[in-house]
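Q: coords please:
(2 chains)
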Number of protein chains: 2
Amino acid sequence: MKIAILTIGNELMSGRIADTNSSFIAREANLQGWSVEAMLSVEDNFAAIKSRLNYLLTLTDVVICTGGLGPTADDITTEAIAQAFGLPLYTDEKVLNHIKGIFTQYNLVWIENNTKQAMFPRGAEVIANPVGTAAGFALQSAGKWIFVIPGVPRETQKMFPEGVVPILRREFPENEQYIAKQTIKTFGLGEGAVDKTLADVDFAALGVNIGFYPIFPENHLVLVSRQTTKKAAEEKLKLACDEVTARLNKYIFSYGEKTLEEIVADLLKEKKLTIAVAESCTGG
Amino acid sequence: MKIAILTIGNELMSGRIADTNSSFIAREANLQGWSVEAMLSVEDNFAAIKSRLNYLLTLTDVVICTGGLGPTADDITTEAIAQAFGLPLYTDEKVLNHIKGIFTQYNLVWIENNTKQAMFPRGAEVIANPVGTAAGFALQSAGKWIFVIPGVPRETQKMFPEGVVPILRREFPENEQYIAKQTIKTFGLGEGAVDKTLADVDFAALGVNIGFYPIFPENHLVLVSRQTTKKAAEEKLKLACDEVTARLNKYIFSYGEKTLEEIVADLLKEKKLTIAVAESCTGG
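A: I've put the predicted structure just below:
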């Protein structure tokens, strides 16, 4: 399944805040076997939000929106999305009571603006916010799914996996897949040389995606296999790893997340060796 | 002027890397008085790059692209953009010699793949890369401008202000204005608190752009005024600075580029004081 991500907020467009929600959601989506077709950021503006959302809906059937769910006047995401689908807003009493409860608990002064955070487009399914006042929602329209969750990273990071993923799993059970993944770390060859050495391997035919991550002076490879059974995923991943190993063997120092330093330390321990270093003025 | 940003790379779409180039470019663009209409990320895929670029060109006349300029097979940005405009590629001998020089200097083995980094769409204006092998380029087509620079943040951060901005200033001279600029450095307030404290200042009405640069634990502000006369630029800048000073006075430690350490040293000299420090194991 393909998804698109729409991050909403003037603070993104001015560059004051770097968007970390898109990469978080992308990582989580990848773990589910879904790929991200587009990540788009837009200001808090009715026309722009509607127009960008409509564009993303031409690319994918699922759009995840973050941001613009606060109580202040500049937060207009819910209303913009309701407009985009020609839906009226309604007040969810359960959410309203939850927000009022938070205000009472923390002895905050209630102002009528806060009611806004309990309003949703008609037909929306509320996504609870366990760590804040801004609930999210899911909206289905003409076979398309739009999810809206807050843009505060702490809330996004809770509500995407706990609120959005379960609804998508429920609605798209046919996309259930098994994922096998392997990191391979190399040292001693440049990025171009690693790529060239692997050029004759047809990873697509093997059903495996490969990612190149140059982390100078190392080059890391990540192989990901997505199949309908666990066995198939693991088998295909193994075939691809074998092809990589056959070509890059002497440059590979780790299969996994261990660092070069950890590998050296392990080797020293294993061989009962110690290492002497002399240093000056590095402080470490 | 409005610009759009297209960041290109599978590492963005998999969530392995968070996009920091868009926020950097947005901050720099804001200081120039330009606004960002859309930030979009896309995978290293011919059809997707072409389609996303065409979409952004419906929104703005200027698109800044980063990423996909490496020598490896997965880096296809230049070719995709050439295809999008129906342009053939040519090899720039000057760039080729520059890259070969870097290989010789660092004693790296030359492979023919690297020639790719000296290829540009016909009619492109090369943007030199002072810190790497991947040159960028600017391309004009039917009144639209497309800029392509590498996605390595260190290179983006050099090439956007030094390579892209001067071309845009040259090509859109109607935006050429007198510029007055002031950096204000604060310490002791969080980013959110600084933002909130300044929320009631209408910088746009004052004709001044403000950039927020959180450099933990400091927060720097950059105010830029662009006017048709030097006098107007300086006057408007002063009004905006006064508004900031009135609100943040006790948190401001510098008007200018001096660091907190330099300010402390100056104060010590002025007051004929000395400072004693004890250190261990910091190496310096």
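
Q: Where in chain A is the helix or strand with the lowest mean pLDDT?
A: Between all helices and strands in chain A, the lowest mean by mean pLDDT, DSSP states H and E belongs to strand A:208-215, at a mean of 76.

Q: Next, the buried residues of stretch A:102-121.
A: Buried positions in stretch A:102-121, judged by neighbour count with 16 or more other C-beta atoms under 10 Å in any protein chain shown: A:114, A:116-121. C-betas here are computed from N, CA, C, even on glycine.

Q: Identify the residues contacting stretch A:100-119?
A: A:69-73, A:75, A:78, A:89-93, A:95-96, A:99, A:133-135 (C-beta atoms under 8 Å, 6 or more residues apart in numbering or on different chains).

Q: buried ones in stretch A:241-260?
A: A:241, A:243-244, A:247-248, A:251-254.

Q: Output those of those residues also counted as contacts of chain B.
A: With the criterion set as C-beta under 8 Å from any C-beta of the partner chain, no member of the buried residues of stretch A:241-260 is near chain B.

Q: What about these, which are in strands?
A: A:252-254 (DSSP state E).

Q: Mind picking the one among these that's closest to chain B?
A: A:Ser254 (17.0 Å; C-beta to the nearest C-beta).

Q: Now for that closest one: which residues touch it?
A: A:Ser254 neighbours (C-beta under 8 Å, 6+ apart): A:183-185, A:260, A:263.

Q: Identify the bridge partners of it.
A: Legend: beta-bridge partners of A:Ser254 under DSSP bridges are A:Lys185.

Q: confidence score at A:Pro130?
A: On pLDDT, A:Pro130 comes in at 90.

Q: ok, now how distant is the residue nearest to it when sequence neighbours are not counted from chain B?
A: Leaving aside its sequence neighbours, A:Pro130 sits nearest to A:Lys158 (C-beta to C-beta, 6 or more residues apart in numbering or on different chains; 6.0 Å). Separation of A:Lys158 from chain B (C-beta to the nearest C-beta, to the nearest Å): 17 Å.

Q: Separate out the buried members of the contacts of stretch A:100-119.
A: Going by neighbour count (16+ other C-beta under 10 Å), the contacts of stretch A:100-119 have A:69-70, A:75, A:78, A:89, A:92, A:95-96, A:99, A:133-135 buried.

Q: quick one: contacts for A:Ala135?
A: A:69, A:92, A:95, A:98, A:117-118, A:120, A:126-129.

Q: just A:Leu40 next, same as before
A: A:4-7, A:52, A:55-56, B:38-41.

Q: which residues does A:Gln177 contact?
A: A:Gln177 touches A:33, A:226-228, A:233, counting by C-beta under 8 Å, 6+ apart.

Q: how about the contacts of A:Leu40 in TSV, adding distance to B:Leu139, pLDDT and secondary structure?
A: Output for those, formatted as TSV (distance: C-beta to C-beta, whole Å; pLDDT from 0 to 100; DSSP: H, G, I helix; E, B strand; the rest coil):
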residue	distance to B:Leu139	pLDDT	secondary structure
A:Ala4	27	98	strand
A:Ile5	28	98	strand
A:Leu6	28	98	strand
A:Thr7	28	98	strand
A:Arg52	25	97	helix
A:Tyr55	23	97	helix
A:Leu56	26	98	helix
B:Ala38	19	97	strand
B:Met39	20	98	strand
B:Leu40	18	98	strand
B:Ser41	20	98	strand
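
Q: Which member of those is positioned nearest A:Lys272?
A: A:Lys272 lies nearest to B:Ser41 out of the contacts of A:Leu40, by C-beta to C-beta, at 49.3 Å.

Q: Tell me how many other residues surround the closest one.
A: Residue neighbour count, defined by other C-beta atoms under 10 Å in any protein chain shown, stands at 27 for B:Ser41.

Q: was I right about it contacting A:Ala38?
A: Yes. Using C-beta atoms under 8 Å, B:Ser41 is in contact with A:Ala38, at 7.0 Å.

Q: before we move on, the earlier item: take the contacts of stretch A:100-119 and keep only those in helices.
A: A:78, A:93, A:95-96, A:99 (DSSP state H).

Q: List the contacts of A:Ala26.
A: So A:Ala26 contacts A:5, A:36, A:39, B:12-15 (C-beta under 8 Å, 6+ apart).

Q: on that earlier part again, most widely separated two among the ones in helices among the contacts of stretch A:100-119?
A: Across the ones in helices among the contacts of stretch A:100-119, the two lying at the largest distance from each other (C-beta to C-beta) are A:Thr78 and A:Glu93, at 16.4 Å.

Q: Give me the nearest residue to whatever residue of the stretch 101-250 of chain A ends up closest to chain B, chain neighbours excluded.
A: Among the residues of the stretch 101-250 of chain A, A:Asp195 lies closest to chain B, at 3.7 Å counting by C-beta to the nearest C-beta. Ranked by C-beta to C-beta, 6+ apart and with sequence neighbours excluded, the top spatial neighbour of A:Asp195 is B:Thr72, at 3.7 Å.

Q: Pass me the low-pLDDT residue ranges in the stretch 101-250 of chain A, would you?
A: Within the stretch 101-250 of chain A, the stretches with pLDDT under 70 are A:174-176.

Q: Strands of that one, residue ranges please.
A: A:119-121, A:125-127, A:136-141, A:144-149, A:178-187, A:208-215, A:218-227 (DSSP state E, counting those that start in this stretch).

Q: can those go into JSON lines with extra columns for distance to B:Leu139?
A: Shown next, in JSON lines, are those (distance: least, C-beta to C-beta, whole Å):
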{"stretch": "strand A:119-121", "distance to B:Leu139": "42"}
{"stretch": "strand A:125-127", "distance to B:Leu139": "43"}
{"stretch": "strand A:136-141", "distance to B:Leu139": "39"}
{"stretch": "strand A:144-149", "distance to B:Leu139": "35"}
{"stretch": "strand A:178-187", "distance to B:Leu139": "35"}
{"stretch": "strand A:208-215", "distance to B:Leu139": "26"}
{"stretch": "strand A:218-227", "distance to B:Leu139": "31"}
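
Q: Packed most tightly, which of the ones you listed would that be?
A: With neighbours defined as mean count of other C-beta atoms under 10 Å in any protein chain shown, these peak in mean count at strand A:144-149, which reaches a mean of 24.

Q: Direction included, what does that strand pair against?
A: strand A:62-66 (parallel), strand A:136-141 (antiparallel).

Q: The strands of the stretch 101-250 of chain A: which one's closest to B:Tyr213?
A: Checked against C-beta to C-beta, the stretch from those lying closest is strand A:208-215, at 26.2 Å.

Q: Alpha carbons of the lengthiest helix in chain A, as CSV, please.
A: If you go by DSSP H, chain A has its longest helix at helix A:230-248. What follows is helix A:230-248, C-alpha atoms only, in CSV (Å, rounded to 0.1, in the frame of the first residue of the first chain):
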residue,chain,number,x,y,z
LYS,A,230,7.6,-15.0,6.8
LYS,A,231,9.4,-17.9,5.2
ALA,A,232,9.4,-16.3,1.7
ALA,A,233,10.6,-13.0,3.1
GLU,A,234,13.5,-14.6,4.9
GLU,A,235,14.5,-16.8,2.0
LYS,A,236,14.5,-14.0,-0.5
LEU,A,237,16.4,-11.8,1.9
LYS,A,238,19.0,-14.5,2.4
LEU,A,239,19.5,-14.9,-1.4
ALA,A,240,20.1,-11.1,-1.7
CYS,A,241,22.4,-11.0,1.2
ASP,A,242,24.4,-13.9,-0.3
GLU,A,243,24.8,-12.0,-3.5
VAL,A,244,26.1,-8.9,-1.6
THR,A,245,28.4,-11.0,0.5
ALA,A,246,29.9,-12.8,-2.6
ARG,A,247,30.8,-9.4,-4.0
LEU,A,248,31.8,-7.3,-1.0
